[in-house]
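Peer 1: when you get a sec, could you give me coordinates for this:
(chains A and B, ligands or ions: 2)
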Amino acid sequence: MTDSPPPSTGASAAGPPVPSAVALSGVTKAFGAVRAVDGIDLEIRAGEFFSMLGPSGSGKTTVLRMIAGFEEPTGGRVLLGGTDVTRLAPFDRDVNTVFQDYALFPHLSVRQNVEYGLKVKRVPRAERTRRAAEALAAVRLEDFAARRPAELSGGQRQRVALARALVNRPSVLLLDEPLGALDLKLRLEMQIELKQIQREAGITFVFVTHDQDEALTMSDRIAVFNAGRIEQVGTPAEVYEHPATEFVAGFVGTSNLLQGDAAAQVFGEPGLYSVRPEKIRITHPDDPAGPDECSAPGTIVEVVYAGALTRFVVDLEAGGRLVALRQNVEESSTDVARHRGSTVLLAWQRRHTVRLSARPGNTTPNDNPQ
Amino acid sequence: MELSRGARVALRLAMALGLAVIYVPLALVLVNSFNASRSFAWPPSGLSTRWWTAAWQETGLREALYTSLKAGLGATAIAVVLGTMAAFAVTRYRFFGRQAVSFLLILPLALPGIVTGIALNAAFRTVLTPLGIGFGLFTVVVGHATFCIVVVFNNVAARLRRLAPTAEEASADLGAHTFQTFWYVTLPAVRSALFAGALLAFALSFDEIVVTTFTAGPGTQTLPLWIFDNLARPDQGPIVDVVAALLIVLSIVPVYLAQRLSGEVLR
Ligand SMILES: Nc1ncnc2c1ncn2[C@@H]1O[C@H](COP(=O)(O)OP(=O)(O)OP(=O)(O)O)[C@@H](O)[C@H]1O
Ligand SMILES: [Mg+2]
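Peer 2: Ligands and ions are numbered 1, 2, ... in the order given. Below you'll find the model as predicted:
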């Protein structure tokens, strides 16, 4: 777990004169009785790296498919660059997709795969060849142009899929868990590479993932999905530091919730609260907490050593349980275990307490108690 | 799985017997076509190609062969177009009665040929005759097409079910219109299945006799009909053997090719 997410590099396009790259208004999709997407409003700015984060089955792919034109919404409208495209076919939309399973054409070579979009749009052969070569160079696959997709590794296929989409210079690129099939090391490399390509090409990326770390490190803004609805939209820092709902607090990062009597005793007011584990300081029960701090006494019930960090699980005297993280600056694994059973005082800055609403949509950042 | 020695021997014997029942008569026909004597004498009195020469000079036979080729090609052409379209409709679109259509398309293969024959005969009599179209090559082609469509449909539909629909979506996503997607992505994927289906359809049409009997007019004679007519005539015996030998070869080739093609995995 990172100590705090990197600052947002979000393009702060301030005025409304530039239309949103993608806008969804009241978009709903029902498959029979299943409401896969349930009334979504969303604006994605031009040039933004926008992530859709959510658990399996929350409707991310369905939203992406409606933007691409593979599914028609049951209700609502889809706008691209300010134009209503709700009823347009995929081939009439200026977006391209990198599919989760890549969907490369098995009977065509890598070069032919990349040239495909230009060929069907009748771009002259010379220009086609040049642009395909450029796109292959951008993903460092020049030497693989003559191969068939079956003769490539997973990471190479992923890059072919990317080149095949980018060569068309779409205004929006949709990526459906493009790194899902890769191992961790390759994933991290591709994350950096994707980010670079996006910055250089200046294309709007709409990136679907269910990996919170991936969303936090790559995105300008994140939409957190749950059961066909959006719970929160914000920069990584906003979503992480000020989760709007219980769901967001739990899905992005470790959930550290206090409610009921425990919350009333610690914060003086009943409600639902969250504190991120790395914000919590563990001290001796006799040390006083600072004037701007909340504090709660408790007993360490579990100590989990995790290499760079140690995770302390503390049962509070007031009831409830909190997890606190500490960096292993000096202590080694054998030392930390002896803390189990100790009585401690947990303390954290008052401003790091986030009061949550149980319903989605009620964003109340910096809503400090008392 | 390990089999006991006895079981292995028994299995091999059974297999040999099964193959013998099928192929010994065929071999006899082949040998007999080179028999020097006129009757089905065994052992053959000597080797000769005189019956092959005689068969080649038989005009009725040559005409029957052409008729069969034309009927086979015509029926296969219809089957390729309609069977492929039906396979697409059933695998790529959801519509009311999709399952029923699928079932109805396959049914003619299971129906006894005599039922299909009688039904077609009655239908042609009521529909085509008032229009001035008599029984002849055209009615044979239509009759054969009823079961040829099934073979093409089955082959192509099976391949389409295995082809991930995302490939077609990717094509549309990259700007290809419906026809371009079909031509550049779907067709290459189903091409070998389509070809295999067409070969099988042709082979089926080429040796069909029951439906042909009911749909051919008096002046139209396909090769199987010619054989059937001449088998009873004592002087034509060896010539029929020659034709049978020819048919064996002509059927083996497409079936062999079709099997290789449908076994070919989608790379
Ligand atoms: N074609 C379909 N027919 C019926 N139900 C569907 C269809 N496509 C999706 N669904 C349902 O809609 C819901 C949302 O699916 P979707 O694929 O959008 O989820 P997701 O967020 O992309 O999940 P994952 O992370 O697993 O890919 C699921 O409950 C799914 O079962
Ligand atoms: Mg999905």
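Peer 1: list the buried residues for stretch A:97-107?
Peer 2: Buried residues in stretch A:97-107, defined by neighbour count with 16 or more other C-beta atoms under 10 Å in any protein chain shown: A:97, A:98, A:99, A:100, A:102, A:103, A:104, A:105, A:106, A:107. Just so you know, the C-beta spots here come from the backbone N, C-alpha and C atoms, and that holds for glycine as well.
Peer 1: chain B: which of those is nearest?
Peer 2: residue A:103 (3.9 Å; C-beta to the nearest C-beta).
Peer 1: can I assume the closest one sits in a strand?
Peer 2: No - counting by DSSP: H, G, I helix; E, B strand; the rest coil, residue A:103 is not part of a strand but coil.
Peer 1: quick check: it touching residue B:172?
Peer 2: No - using C-beta atoms under 8 Å as the test, residue A:103 is too far from residue B:172 to be in contact (10.9 Å).
Peer 1: what does the stretch 101-250 of chain A have sitting close to ligand 1?
Peer 2: Proximity of the stretch 101-250 of chain A to ligand 1, by C-beta under 6 Å from any ligand atom, involves residues residue A:210.
Peer 1: low-confidence ranges in the stretch 101-250 of chain A?
Peer 2: The model of the stretch 101-250 of chain A has no residue with pLDDT under 70.
Peer 1: check contacts around the residue nearest the centre of chain A.
Peer 2: With distances taken as C-alpha atoms, centre = their mean, the residue of chain A nearest its centroid is residue A:215 (2.6 Å). By C-beta atoms under 8 Å, 6 or more residues apart in numbering or on different chains, residue A:215 lies in contact with A:51, A:53, A:207, A:209, A:222, A:236, A:252.
Peer 1: the second one: how many residues sit nearby?
Peer 2: A count of nearby residues for residue A:53, using other C-beta atoms under 10 Å in any protein chain shown, gives 28.
Peer 1: apart from its neighbours in sequence, what residue is nearest it?
Peer 2: residue A:215 (4.2 Å; C-beta to C-beta, 6 or more residues apart in numbering or on different chains).
Peer 1: residue B:168 belongs to a strand?
Peer 2: No - counting by three-state DSSP, residue B:168 falls outside a strand, being helix.
Peer 1: these two touch, right, it and residue B:183?
Peer 2: No - in this structure, residue B:168 is not within contact of residue B:183 by C-beta under 8 Å, at 11.7 Å.
Peer 1: compare the two (neighbour count), which wins?
Peer 2: Taking neighbours as other C-beta under 10 Å, residue B:168 and residue B:183 compare with residue B:168 leading, 20 against 14.
Peer 1: list the buried residues for the longest helix seen in chain A?
Peer 2: The longest helix of chain A (DSSP state H) is helix A:184-201. Under the neighbour-count criterion of 16+ other C-beta under 10 Å, helix A:184-201 has A:187, A:190, A:191, A:193, A:194, A:195, A:197, A:198 buried.
Peer 1: packing partners for that helix?
Peer 2: helix A:154-166, strand A:204-209, helix A:212-218 (3 or more C-beta pairs under 8 Å, 6 or more residues apart in numbering or on different chains; DSSP states H and E).
Peer 1: and among these, the most buried is which?
Peer 2: strand A:204-209 (a mean of 25; mean count of other C-beta atoms under 10 Å in any protein chain shown).
Peer 1: tell me what angle that one forms with helix A:184-201.
Peer 2: Angle of strand A:204-209 versus helix A:184-201, following axes from the mean of the first three to the mean of the last three C-alpha atoms, to 10 degrees, is 160 degrees.
Peer 1: grab the nearest non-local neighbour of the closest residue to chain B within the stretch 151-300 of chain A.
Peer 2: Relative to chain B, the nearest point of the stretch 151-300 of chain A is residue A:168 (6.6 Å; C-beta to the nearest C-beta). Closest residue in space to residue A:168, ignoring its immediate chain neighbours: residue A:117 at 4.3 Å, by C-beta to C-beta, 6+ apart.
Peer 1: likewise residue B:170?
Peer 2: residue A:103 (4.0 Å).
Peer 1: same check on residue A:139?
Peer 2: Take residue A:139 and drop its neighbours on the chain: the residue closest to it by C-beta to C-beta, 6+ apart is residue A:159, 3.9 Å away.
Peer 1: same thing with residue B:218?
Peer 2: That would be residue B:135: by C-beta to C-beta, 6+ apart, it lies 7.8 Å from residue B:218.
Peer 1: which residues touch that neighbour?
Peer 2: Counted by C-beta under 8 Å, 6+ apart, residue B:135 has contacts B:124, B:215, B:216, B:217, B:218, B:220.
Peer 1: and the residues you listed, which of them are in helices?
Peer 2: B:124, B:215.
Peer 1: make a markdown table out of the contacts of residue B:135 and add pLDDT and neighbour count.
Peer 2: Converted to a markdown table, these look like this (pLDDT from 0 to 100; neighbours: other C-beta atoms under 10 Å in any protein chain shown):
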| residue | pLDDT | neighbour count |
| --- | --- | --- |
| B:124 | 83 | 20 |
| B:215 | 83 | 27 |
| B:216 | 84 | 21 |
| B:217 | 77 | 14 |
| B:218 | 78 | 8 |
| B:220 | 80 | 20 |
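Peer 1: state the distance from residue B:136 to residue B:205.
Peer 2: 16 Å (C-beta to C-beta, to the nearest Å).
Peer 1: quick one on the thing from earlier: among the buried residues of helix A:184-201, which one sits closest to residue A:66?
Peer 2: Of all these, residue A:198 has the smallest distance to residue A:66: 22.0 Å, by C-beta to C-beta.
Peer 1: I'd guessed that closest one sits against residue A:49; true?
Peer 2: Yes - counting by C-beta under 8 Å, residue A:198 does reach residue A:49; the two are 5.5 Å apart.
Peer 1: sec struct for residue B:15, please.
Peer 2: Per three-state DSSP, residue B:15 ends up helix.
Peer 1: that older thread, report the two of the contacts of residue B:135 separated the most.
Peer 2: Farthest apart among the contacts of residue B:135 - using C-beta to C-beta - are B:124 and B:218, which lie 14.1 Å from each other.
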